[in-house]
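> no FASTA, just this:
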């Protein structure tokens, strides 16, 4: 059996892990008590090694479900929580820069755009997916993406106007911000049960 190069453990349930796009040994971790059902949460920045080292550890009053790094600034990370907060952090200082909160609805996923770094998307338990502009410091568009929870929203790796969502209704949907009128360009019943995660194939333009 091959021994892993690095191990990181925490007493919290790990909900999401994202590698830094700038440092291969740095990860951001979203963590929660009791798998996010009830209790507090944490946002963690960890340097992997033997042993791994926690660089940044912030206790939150509610679960943290997802994190995402900025593709343009290695200092910036966002974290989405169970109380509806999306916090932008300066991870070098361990300080929040700005807090987005236009509701108390649980945030399931967050993701910075890789091509348009001032934008990020977030999906919510009420089926809404929102587009935020960091420069304007607000939500600029909202989409009723699913019946029931919208579990994940993710950007297309090449086309900066397209993103996909997956949800509790078993559907997978494609959205185009440049489309006139209805932004929902395609909908597929992907499963009879819930769809918890979705990702684009980086090597095939519309492989999901």
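On my side now, so go ahead. Not measured: the values here are computed from a predicted model.

> contacting residues around the residue sitting nearest the centre point of the chain?
Centroid-nearest residue in the chain: residue 110, 2.5 Å away (criterion: C-alpha atoms, centre = their mean). Residue 110 is in contact with 66, 67, 68, 78, 79, 80, 86, 120, 121, 122, counting by C-beta atoms under 8 Å, 6 or more residues apart in numbering. In short, each C-beta sits where N, CA and C put it, glycine included.

> would you turn those residues into CSV with secondary structure?
Putting these into CSV (DSSP: H, G, I helix; E, B strand; the rest coil) gives the following:
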residue, secondary structure
66, strand
67, strand
68, strand
78, strand
79, strand
80, strand
86, strand
120, strand
121, strand
122, strand
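
> Top of those by number of neighbours, please.
Within the contacts of residue 110, residue 80 tops the neighbour count with 30 neighbours, counted by other C-beta atoms under 10 Å.

> Wait, that residue touches residue 89, no?
No - in this structure residue 80 lies outside contact range of residue 89 using C-beta atoms under 8 Å: 11.9 Å.

> where in this protein is pLDDT low?
1-4 (pLDDT under 70).

> one more time with 80, if that's ok
Residues of the chain meeting the criterion pLDDT under 80: 1-5, 204-208.

> quick one: residue 168 and residue 126, what's the gap?
10 Å (C-beta to C-beta, to the nearest Å).

> If anything else comes up later, I'll come back, but that's it for now.
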